[in-house]
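J.: just the structure for this:
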Amino acid sequence: MSDISRFGVTRRWSDAVVHNGVAYFVEVPDDPALDARRQITQVLDQIERRLVQLGSDLTRLLQVTIYLPDPENLNLFNELWEAWLPQGHAPSRACIHAKLAAPGYSVELIVIAAI
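T.: Model prediction:
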């Protein structure tokens with residue numbers, strides 16, 4: 001049986017969980033008062049920092065699930081995503097239009113990455 005490592009553990013969630021060389025985590029904007037472009041950029045930066053913290057990087061992304069409450073932001077998200085992601089290292093991904101937990105959030109991402 002392999003160990004499970006948890007980072008940033010609270011009563012309700014962990015900031016990240018690592019098991020069997022795979023990291024699982026969710027990112028929402030640190031500042032939901034920003035406009036959609038800046039929230040998306042902020043979340044992508046947060047993902048990059050989390051990957052480094054866990055011993056991984058953008059080339060090791062396996063799957064990303066994207067939640068956008070406003071479908072009008074999909075083109076903006078794709079523009080920023082394609083500029084951020086290294087060529088040839090796109091993960092499996094899905095994009096879902098859904099209401100998020102807090103009304104100010106423009107994006108939420110679920111990330112699975114190899115370490």
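J.: now do the contacts for the residue lying closest to residue 85 once chain neighbours are set aside.
T.: What sits nearest to residue 85 in space, not counting adjacent residues and going by CB to CB, 6 or more residues apart in numbering, is residue 58, at 6.3 Å. C-beta coordinates here come from the backbone N, C-alpha and C atoms, glycine included. Neighbouring residues of residue 58 by CB atoms under 8 Å, 6 or more residues apart in numbering: 48, 51, 84-86, 89.
J.: 7 Å instead, please
T.: Taking CB atoms under 7 Å, 6 or more residues apart in numbering as the criterion, residue 58 is in contact with 48, 51, 85-86, 89.
J.: between the residues you listed, which sits nearest residue 62?
T.: Set against residue 62, the nearest of the contacts of residue 58 by CB to CB is residue 89 (10.5 Å).
J.: just give the number of residues close to that closest one.
T.: Burial of residue 89 is recorded as 11 neighbouring residues (other CB atoms under 10 Å).
J.: cool, and the one 4 residues further on?
T.: As a burial measure, residue 93 scores 13 neighbours (other CB under 10 Å).
J.: over to residue 52?
T.: Residue 52: 11 neighbours (other CB under 10 Å).
J.: could you look up the SS state of it?
T.: Put simply, residue 52 is helix when judged by DSSP: H, G, I helix; E, B strand; the rest coil.
J.: separation between it and residue 17?
T.: Separation of residue 52 from residue 17 (CB to CB, to the nearest Å): 17 Å.
J.: many thanks, have a good one.
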